[in-house]
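>>> Quick one: sequence and predicted model below, then my questions.
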Amino acid sequence: MTSKLTNLNQNQSLEQSITIQNYLQNEPLILHPQIVKAGSFPLALMIFLSILSVWFFKSFLCICHPNEVVILSGRKRKTKGGQDVGYRVITGGRAVRIPILETIKRMNVTTMPIRIEIRNSYAKGGTPLNIHAIANVKISSNPEIVGNAIERFLDRDRSEISRVARETLEGNLRGVVATLTPEQVNEDRLKFAESITSDVRRDLMKLGLEIDTMKIQNVSDDVGYLNSLSREQIALVIRDAEIAESDARNQAEQIEAQCEEQSEVAKTQDRIIVLEQENDLRKIKAQLEQQAKSEEEITLAAAKEKRAKLEQQLQAVRAELERLRLEAEQVLPADAQRQAKVLNAQGEAAILAENAKAEAIVNEILSQVWQKTGSEASEIFLIQQLETILEEAVKIPKNLYLNEIHVVDNGDGKSISSLIKVYPEIVNQFLNSVKQTLGVDVVGILTESKNSQTNNNHKNNF
């Protein structure tokens, strides 16, 4: 069963490929006998109808490209001019044709370049000329003209159309050359080409053709006429050039002389103007110098005046600074010293007053204590003041400044012992002075105090 299905699918693919190939090659459609035997008639019929419909539409529909015209011939129709023709023309687009009743023909409307070469074409005056030109001609797509081309060139080769157009152009070219002189043909080629184009356009319209452009490439002759013209023109040009050169040289010399004269005049005028400008410059410079000098003097005077004012101000400032300096260095210290002295005096007076008060109080207290103590009061007082008295006694030898002491000893040692006894002797003399001056016998008091203390100790022992 599987092998039968595989064969059936292969037969269907084979049928489709055969059908497409037959359609593309416009060959009769042949169905393989195995397809019918396999029972695929509906599928084959569908494919056949599809191909038939495509072929039908292709036969009915006609497409015209932009570079061609399509002629559908077979049915009568009237043109715009009322003429009966057996065709209709399509210039671009598409149309539907009736099979069997209408046939399709195509004509190419692209440009055909045509080279034209004519020899011994006699110009006005009998001079034979050789002309080389090129023209671009094509079948007209104008509905009013294309009918002429269909009637004359349908199913004909483009080379034959080019030959007919070339012969027509050559004939018109010879006719136009016969109306012009060689000079006109050679000098104004653009006008010559326009004359040919306008003259040949009417003949080409009758053939259903139209000319796009036409250019004259070369004009020559075998008899040397144009060369003679050129030599004559060259000679005239050379003569005119020499004359023009001579005239130009003379004119240049005249102009040069005039220019030199004008130059000298201009130089003189410039020199005069320069001198006048220099004089004006000197005047202006002198005025400016005078003005600058006066301004400088005014400025210097103002500067001196201002400097003097500033010096005065500076001197005032210096005087004030000196006053402040003197005040700071002398007056203020003097005031400070004065105030310090006053304060010191006040302080000392206050101290003295306080000391006096204190001494009075002390003396009063001391007198009270003295009265209470009795005979022992002097001893107590002396003991209190003993340290002070001894310090003063010790200071006396220190006040003696001796650099060197020379002692002369007799050999018995008394001189040295005498020198050693000097210090105690000095103290003894000080204490005697105190006794004589103040009436205070320090040694006696101390001796009595010691004796009394000894007696007291003896009494206590007993």
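All right, it came through fine.

>>> Every contact and neighbour count from this point should use C-alpha atoms.
Fine.

>>> Not counting sequence-adjacent ones, nearest residue to residue 102?
Leaving aside its chain neighbours, residue 102 sits nearest to residue 74 (4.6 Å; criterion: Cα to Cα, 6 or more residues apart in numbering).

>>> State the helix or strand in which that neighbour lies.
strand 68-78 (DSSP states H and E).

>>> Next: residue 124.
Using DSSP H and E, residue 124 sits in no helix or strand.

>>> ok, now which ones touch the closest residue to it other than its chain neighbours?
In this structure, residue 124 finds its nearest non-sequential neighbour in residue 181, 4.7 Å apart by Cα to Cα, 6+ apart. Neighbouring residues of residue 181 by Cα atoms under 8 Å, 6 or more residues apart in numbering: 123-125.

>>> where are the low-confidence patches of the stretch 351-462 of the chain?
366, 369-370, 373-427, 430-431, 434-462 (pLDDT under 70).

>>> For residue 98, the count of nearby residues, please.
13 (other Cα atoms under 10 Å).

>>> Next one: it, what pLDDT does it get?
For residue 98, the model assigns a pLDDT of 78.

>>> quick check, it in a strand?
No. Using DSSP: H, G, I helix; E, B strand; the rest coil, the secondary structure at residue 98 is coil, not a strand.

>>> Now do the SS call for residue 339.
Following three-state DSSP, the label given to residue 339 is helix.

>>> and residue 145, how far is that from residue 209?
According to Cα to Cα, to the nearest Å, residue 145 stands 8 Å off from residue 209.

>>> from the middle of its chain, how far away would the one helix or strand residue 201 maps to be?
Under the criterion of DSSP H and E, residue 201 resides in helix 189-206. Centroid displacement of helix 189-206 relative to its chain, using Cα atoms, centre = their mean, to the nearest Å, is 64 Å.

>>> Give me the buried positions along whichever helix or strand comes after it.
Scanning forward in sequence from helix 189-206 by DSSP H and E, the next helix or strand is strand 209-220. For strand 209-220, burial by neighbour count (16 or more other Cα atoms under 10 Å) applies to 209-211, 214-216, 219-220.

>>> now strand 209-220: how far from the chain's centre is it?
With Cα atoms, centre = their mean as the basis, strand 209-220 stands 60 Å off its chain's centre.

>>> what comes into contact with it?
The contact list for strand 209-220, computed with Cα under 8 Å, 6+ apart, reads 129-140, 145-146, 149, 185-186, 189-190, 193-194, 197, 201, 204, 226.

>>> tilt between that strand and helix 189-206?
Compare the direction of strand 209-220 with that of helix 189-206 by axes from the mean of the first three to the mean of the last three Cα atoms, to 10 degrees and you get 150 degrees.

>>> Neighbouring strands of strand 209-220 in the sheet, and parallel or not?
Strand 209-220 pairs in its sheet with strand 128-139 (antiparallel), by DSSP bridges.

>>> quick check, distance from the partner strand to the centre of its chain.
63 Å.

>>> what are the ranges of the strands in this protein?
Secondary structure of the chain, counting by DSSP state E: strands at 61-64, 68-78, 84-90, 93-96, 103-108, 112-122, 128-139, 209-220.

>>> Which one, of those strands, ends up nearest to residue 322?
strand 209-220 (117.8 Å; Cα to Cα).

>>> between that closest one and strand 112-122, what angle do the directions make?
Using the same axes, to 10 degrees: strand 209-220 against strand 112-122 is 50 degrees.

>>> Strand 209-220 - what's its average pLDDT?
Strand 209-220 comes out with an average pLDDT of 88.

>>> next one: stretch 102-114
88.

>>> and that stretch, how far apart are its ends?
34 Å.

>>> Which positions in that stretch come out as buried?
Of all the residues in stretch 102-114, those buried under the rule 16+ other Cα under 10 Å are 102, 106-109, 111-114.

>>> swap in stretch 68-87?
So for stretch 68-87, counting by 16+ other Cα under 10 Å, buried means 68-74, 87.

>>> quick revisit: parallel or antiparallel, list what pairs with the strand holding residue 74.
strand 84-90 (antiparallel), strand 103-108 (antiparallel).

>>> Between the buried residues of stretch 68-87, which sits nearest residue 337?
Of the buried residues of stretch 68-87, the one sitting nearest to residue 337 (Cα to Cα) turns out to be residue 68, at 138.9 Å.

>>> Now do the residue nearest to residue 124 against residue 228, distance only.
Residue 181 is 14 Å from residue 228, by Cα to Cα.

>>> Could you do residue 345 as well?
152 Å.

>>> Residue 338 too?
Relative to residue 228, and taking Cα to Cα, residue 338 is found at 143 Å.

>>> try residue 49
82 Å.

>>> before we move on, the earlier item: ok, and what's touching the strand holding residue 74?
64, 84-92, 97, 101-110, 141.

>>> try 10 Å
Among residues not part of strand 68-78, those counted as contacts by Cα atoms under 10 Å, 6 or more residues apart in numbering are 62-64, 83-98, 100-110, 139-141, 146-147, 150, 154.

>>> what do you get for stretch 242-252?
236-241, 253-259.

>>> Which single one of these is nearest to residue 433?
Distance to residue 433 across the contacts of stretch 242-252 (Cα to Cα) is lowest for residue 259, with 143.1 Å.

>>> how close does the closest one sit to residue 253?
In terms of Cα to Cα, residue 259 sits 9 Å off from residue 253.

>>> number of nearby residues for residue 139?
Residue 139 has 28 nearby residues by other Cα under 10 Å.

>>> hey, what's it bridged with?
In beta-bridge terms (that is, DSSP bridges), residue 139 pairs with residue 209.

>>> quick one on the thing from earlier: quick one: distance of the strand holding residue 74 to the chain centre.
That offset, for strand 68-78, works out to 73 Å (Cα atoms, centre = their mean).

>>> Look up the residues forming beta bridges with residue 95.
residue 62.

>>> Make sure it is actually in contact with residue 58.
No. With contacts counted by Cα atoms under 10 Å, residue 95 stays clear of residue 58, the gap being 11.2 Å.

>>> just the helices in the stretch 201-350 of the chain please.
Along the stretch 201-350 of the chain, the stretches classed as helices by DSSP state H, counting those that start in this stretch are 225-326, 332-373.

>>> So which elements touch the last one?
Packed against helix 332-373 by the contact rule (3 or more Cα pairs under 10 Å, 6 or more residues apart in numbering; DSSP states H and E) you find helix 225-326, helix 376-398.

>>> now with 8 Å?
helix 376-398 (3 or more Cα pairs under 8 Å, 6 or more residues apart in numbering; DSSP states H and E).

>>> circling back: tell me the one among the buried residues of strand 209-220 nearest to residue 309.
Looking across these and measuring by Cα to Cα, the closest to residue 309 is residue 215, at 105.0 Å.

>>> so what's the closest one bridging to?
Residues in beta-bridge contact with residue 215 (DSSP bridges): residue 134.

>>> Please determine how far it is located from residue 203.
Relative to residue 203, and taking Cα to Cα, residue 215 is found at 18 Å.
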